[in-house]
Each structure stands twice: as structure tokens, then as C-alpha cells.
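> Please work out how this folds:
(chains A and B)
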Number of protein chains: 2
Amino acid sequence: MTTPPPARPLSATERTRHRRLREQGRADRAALDSILAAGFVCHLGVTVDGTVMVVPTVYGADGGTLYFHGSVASRSLVAAPGATVCVTVTHVDGLVLARSVFEHGVNYRSAMIYGVPRPVTDDEEKLAGLRCLTEQSAPGQWDYARRPSRKELAATALLALSLVESSVKVRTGPPDDGDSPDAELGLWAGVLPLNASWGALRSAPDLDPAIAPPPHLVQRAGTAAQA
Amino acid sequence: MTTPPPARPLSATERTRHRRLREQGRADRAALDSILAAGFVCHLGVTVDGTVMVVPTVYGADGGTLYFHGSVASRSLVAAPGATVCVTVTHVDGLVLARSVFEHGVNYRSAMIYGVPRPVTDDEEKLAGLRCLTEQSAPGQWDYARRPSRKELAATALLALSLVESSVKVRTGPPDDGDSPDAELGLWAGVLPLNASWGALRSAPDLDPAIAPPPHLVQRAGTAAQA
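I've put the predicted structure just below:
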């Protein structure tokens, strides 16, 4: 059995240090990477004129950087350049059904990233970032679909966020009130898992019926998924 | 065929008026209710010391009110009582795979609610709010599991948020680049749906094997789901 390399610790700043549910904190870079790799939609929090705004948007994670479209948040990011944002990625894995309502909960994996997004202006990095964004949700599409033209590239606002200031929270397993007096109530307790999967491909109605979907999409239908 | 009642319009304030993707805005209360009813996890955005924080948490929606636990955001809500928050609920329905990368997108339904959360202090409303929260994710559990004791109720911080200032965005259907020159590229285009469903119940390892799960949970396994 090989020994895994030591986990790179996540930075623990005032913001990312867990003040609650400390036992669910995992200062573990591998856990962050795994949560980010599993999904493609994040919730981006920005402050505009002192009011918070939470916007769902697609992302791409590449090593130490998270990329997202500037357009989704242009209003806020134009209004407040240099402001710190919070990006949260959450996967819900199931319901934790305890004997008591008070102990009910959710199994989940969640990552929070704080930082000041950097606008990507260099064409080469922009293309690499867009590739990352595209491949995150639909691996194989960057090489299959038509890539951005010079004009489209200019019209695309891309932002890069460092993963340095991140925190991860995970809750797994059964309810833990089996040791409490509630265990004597004779009630069922356990987990109801929530699963996601890719469905069957639906061709666009205006598609030439002679055009078959590419293998990288065909192979994906029916497999496990996570937004 | 019966005529549906006129949709109650959502309030359009400076914050909820759509500045982008206006065609995706649906000033329609029924759409909001339907999006909230479909899920049970929201992303709560709060500002602490000028920095935004986005926290996933469970919610319950009851008529004109959204309930969520105060504990998940206690740090921020204690730090900034009376501050406006943004709650976002998002359901991802599939990938929109166009002929060009530029036209790729996501089919989704999303609701954003702005407001100042009100701490629920009245025991009767707190019980009703907790019932709403519990039934949102696990219908039937409020009547099945042990309800909160007086002590547990006192230890639970519950917040209520009015749904008055809300906005909804929805994207459905195939990619729309079939009219563009890209249609001549001979590339496949369409949608890859993302589906979620409840899995098979997993009993807690410490459960007395003689205790069977209740019908409301048994019937749910294998049915469509959404976090």
C-alpha cells in the first residue's frame, strides 16, 4: 500500500477558520479539489452598495485557480472592483433522518472560497480559462465544439479566483442519536441518499437527423452526475 | 379547460429588476413558489464586516415566508442584526450543448430573495416554522419523529424572511444557435439533462433490525428529487 503525500493545508484565516461545527472542518487540500472537481455550478456572493447578492454560475477549477464568467456578476464586479467575493460549491448527498426532529440534518460536501477576483485579460490565459470552464461541465466539448472567435473572446469577461483562502465542510454517515434516550422510542433512523445522474441526450429540434452525438456525450448519459 | 388565476407579480425593486438576461426573468409568483417547493437547500448570503459569506443551509417555504436556522449564520446575523441578506435557491436541469463553446449554457431554475430576516421568538410560530423546515425536506417526518422539547426549542434559532422582494430566472429548452452559420458545421447540438432522485433507505447501523422504516420514507425511495 502506498503512502499518500501529506495533504497541503488550506489557509486558516479569520474568515475560513470554522467557528461552528468545527468537527466538520477538513483542512485538507485534497478534499477541496475533490469537491470542486465533482461539480460545475457555484454560488457567487458579491456585495453591491452594501447589499449582498448570491448568483449561481458555472465555474472551472484548474490547480490553484477557479475561473468564472465575469458577465454573471458584471453589475457587482464593475460596481466594486477589487472587492472580496465568496464562492460556495455544495453537493447534497442525502437526508439524515434521526429519531428526533432536532437531530435531523443533511449529508453534504461544501467548499467556500474567499478572494478578490482577478479579471483575465491575456488572450492565452482567457482561452485556457474558458477551456477549463467548458471541460468542467462537459469534458470533451472543447475539442468538439467550435472554439471562441476573436470577437467572442473579446466579448467574454472571465475572472480568476485563487483557491488559497478556502474552507471545506463535510457531513457523512448515519444520524448519531443512537446513544441517546431517543433510541428507545422504537423509531426508524437512517439516511435517505440523494443521487444525481445524467439523463438521455436530447437532440436540438433543428438538428440535421443525420448528425449523431459524439462518443464523449453518448458515454456520459446515465452516469453519476453532480451540479 | 379552466383559466388559471392571474399570477401575483413579484415586486420589482432596484435589486430584483433584472439588468441582464431580462428574457429569463419571470415576474410570476407561481414560478417562485414552484422553485421553492421543489428543493430544500438554499445558499444564504450575508455580509460580515463588509465581506460577503455564502452558506448552504436548509429552508422551509410557507406561503409568503421562508424559514431557515439562525445557527448556520449566527456569526453573521449576530454581528449584523437588521442587515439585508440574499437567499438563492437553484435547480440545475441540464447542460445546453450548442455548436459553439460560446453558446454553451445551463438549463436551470433559480430564485433570489432579498430581505432582513426576522428572528422568530414566539414558541408557537417557532414550532410552525420548524415543522415547515422539516416537512420541506422530509414530508411526513414531523408527525413521525420526536418533536422538539422545550429545551431544544429554546436552543434553536429560527429566522423568517419575507418573500416579497424576490426574483426568478429560468432557462429551458435546446440551444438556440440553429439559425446561426454554426448550424452548417455538422456538429451535434442538444441538451444533456441532469436528474436527481432519492436512493434506497440506509438504516442506521445501531438501529434495532426489528424497526422498519415508515411508509412515507419507503414510498419516497427511487422517486424524483431535488436539493
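> okay, CA-based contacts and neighbour counts for the rest of this
Will do.
> Can you find the helix or strand of chain A with the lowest average pLDDT?
Least confident helix or strand of chain A, by mean pLDDT, DSSP states H and E, is helix A:74-79 with a mean of 58.
> which element follows that helix toward the C-terminus?
Downstream of helix A:74-79, the next assigned helix or strand under DSSP states H and E is strand A:85-97.
> So which other helices or strands are in contact with that next one?
helix A:29-38, strand A:41-48, strand A:105-115, strand A:190-198, strand B:51-62 (3 or more Cα pairs under 8 Å, 6 or more residues apart in numbering or on different chains; DSSP states H and E).
> Helix or strand: which one has residue A:152?
Assigned by DSSP H and E, residue A:152 belongs to helix A:150-155.
> Pull up the pairing partners for the helix or strand just after that helix, direction included.
With elements assigned by DSSP H and E, the helix or strand that comes after helix A:150-155 is strand A:158-162. Paired neighbours of strand A:158-162 in the sheet (DSSP bridges): strand A:65-69 (antiparallel), strand A:118-119 (antiparallel).
> Pick the most buried one from those strands.
Highest mean neighbour count among these (mean count of other Cα atoms under 10 Å in any protein chain shown): strand A:65-69, with a mean of 22.
> For it, output the C-alpha coordinates as PDB.
Provided in PDB are the C-alpha atoms of strand A:65-69 (Å, rounded to 0.1, in the frame of the first residue of the first chain):
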ATOM      1  CA  THR A  65      -7.400  28.800  -9.600                       C
ATOM      2  CA  LEU A  66     -11.200  28.900 -10.000                       C
ATOM      3  CA  TYR A  67     -12.500  30.500 -13.200                       C
ATOM      4  CA  PHE A  68     -15.900  32.000 -13.700                       C
ATOM      5  CA  HIS A  69     -17.700  34.300 -16.100                       C
END
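> who touches that strand?
With contact meaning Cα atoms under 8 Å, 6 or more residues apart in numbering or on different chains, strand A:65-69 is reached by A:57-61, A:129-130, A:132-133, A:156-163.
> go again using 10 Å as the cut-off
Contact with strand A:65-69 is made by A:36, A:41-42, A:44, A:57-61, A:87, A:113, A:117-120, A:126, A:128-133, A:156-164, as judged by Cα atoms under 10 Å, 6 or more residues apart in numbering or on different chains.
> could you flag which of these are buried?
Neighbour-count burial (16 or more other Cα atoms under 10 Å in any protein chain shown) is assigned, among the contacts of strand A:65-69, to A:36, A:41-42, A:44, A:57-61, A:87, A:113, A:117, A:119-120, A:126, A:129-133, A:156-164.
> contacting residues for the residue nearest the centre of chain A?
Note on chain A: the residue nearest the mean C-alpha position is residue A:89, at 3.4 Å, using Cα atoms, centre = their mean. Applying Cα under 10 Å, 6+ apart to residue A:89 gives the contacts A:32, A:35-36, A:38-44, A:56, A:59, A:109-113, A:168, A:227, B:43, B:54-56.
> what about 8 Å?
A:35, A:36, A:39, A:41, A:42, A:43, A:110, A:111, A:112.
> State the phi and psi torsions of residue A:221.
Torsion angles at residue A:221 (phi, psi; degrees, to the nearest 10) stand at phi -60, psi 130.
> Check the gap between it and residue B:94 for me.
Counting by Cα to Cα, to the nearest Å, the gap from residue A:221 to residue B:94 is 11 Å.
> Equivalent analysis for residue A:85, please.
26 Å.
> Could you do residue A:84 as well?
Separation of residue A:84 from residue B:94 (Cα to Cα): 30 Å.
> Please apply the same query to residue A:106.
Taking Cα to Cα, one finds residue A:106 at 24 Å from residue B:94.
> how about low-confidence regions in chain A?
In the predicted model of chain A, residues A:1-27, A:71-81 satisfy pLDDT under 70.
> Let me know the outermost residue of it.
Outermost residue of chain A with respect to the C-alpha centroid, by Cα atoms, centre = their mean, is residue A:184; its distance is 39.8 Å.
> Give me the three-state assignment for that residue.
helix (DSSP: H, G, I helix; E, B strand; the rest coil).
> related to what we said a few turns ago, the residue nearest to the centre of chain A: what's its closest spatial neighbour, skipping adjacent residues?
residue A:42 (4.7 Å; Cα to Cα, 6 or more residues apart in numbering or on different chains).
> quick one, what contacts the one you found?
Here residue A:42 is in contact with A:56, A:57, A:58, A:59, A:87, A:88, A:89, A:90 (Cα under 8 Å, 6+ apart).
> Tell me how many other residues crowd residue A:194.
23 (other Cα atoms under 10 Å in any protein chain shown).
> where does it sit relative to chain B, distance-wise?
As judged by Cα to the nearest Cα, to the nearest Å, residue A:194 and chain B stand 5 Å apart.
> and what of residue A:169?
10 Å.
> name the element that residue belongs to?
Element membership for residue A:169 (DSSP H and E) is strand A:165-171.
> For that strand, name the packing helices and strands.
Applying 3+ Cα pairs under 8 Å, 6+ apart, one finds that strand A:165-171 contacts helix A:29-38, strand A:105-115.
> same thing but 7 Å
strand A:105-115 (3 or more Cα pairs under 7 Å, 6 or more residues apart in numbering or on different chains; DSSP states H and E).
> Which other helices and strands does the strand it packs on contact?
Looks like strand A:105-115 contacts helix A:29-38, strand A:85-97, strand A:165-171 (3+ Cα pairs under 7 Å, 6+ apart).
> pull the longest helix from chain A.
helix A:123-137 (DSSP state H).
> beta partners for the closest residue to residue A:92 other than its chain neighbours?
Among residues not flanking residue A:92 along the chain, residue A:108 sits closest, at 4.5 Å (Cα to Cα, 6+ apart). Per DSSP bridges, the residues bridged to residue A:108 are residue A:92, residue A:171.
> Test my guess that residue A:108 contacts residue A:95.
No. In this structure residue A:108 lies outside contact range of residue A:95 using Cα atoms under 7 Å: 9.0 Å.
> So for the two, which sits in the more crowded spot?
Just comparing residue A:108 and residue A:95: by other Cα under 10 Å the higher neighbour count belongs to residue A:95, 23 against 17.
> And the residue nearest to residue A:162 when sequence neighbours are not counted, how far from residue A:164?
With sequence-adjacent residues excluded and distances taken as Cα to Cα, 6+ apart, residue A:162 is closest to residue A:65, at 4.7 Å. Plainly put, residue A:65 is 9 Å away from residue A:164 if you go by Cα to Cα.
> Now the helix holding residue A:152: buried residues?
By neighbour count with 16+ other Cα under 10 Å, helix A:150-155 contains the buried residues residue A:153.
> quick one: contacts of it?
residue B:102 (Cα atoms under 7 Å, 6 or more residues apart in numbering or on different chains).
> Off-centre distance for that helix?
Distance of helix A:150-155 from its chain centroid, counting by Cα atoms, centre = their mean, to the nearest Å, is 26 Å.
> Send me it as PDB with only the CA atoms.
Below are the C-alpha coordinates for helix A:150-155, written out as PDB (Å, rounded to 0.1, in the frame of the first residue of the first chain):
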ATOM      1  CA  ARG A 150     -11.500  36.600 -31.600                       C
ATOM      2  CA  LYS A 151     -14.700  38.600 -31.400                       C
ATOM      3  CA  GLU A 152     -16.400  36.200 -28.900                       C
ATOM      4  CA  LEU A 153     -13.200  36.100 -26.800                       C
ATOM      5  CA  ALA A 154     -13.200  39.900 -26.600                       C
ATOM      6  CA  ALA A 155     -16.900  39.800 -25.600                       C
END
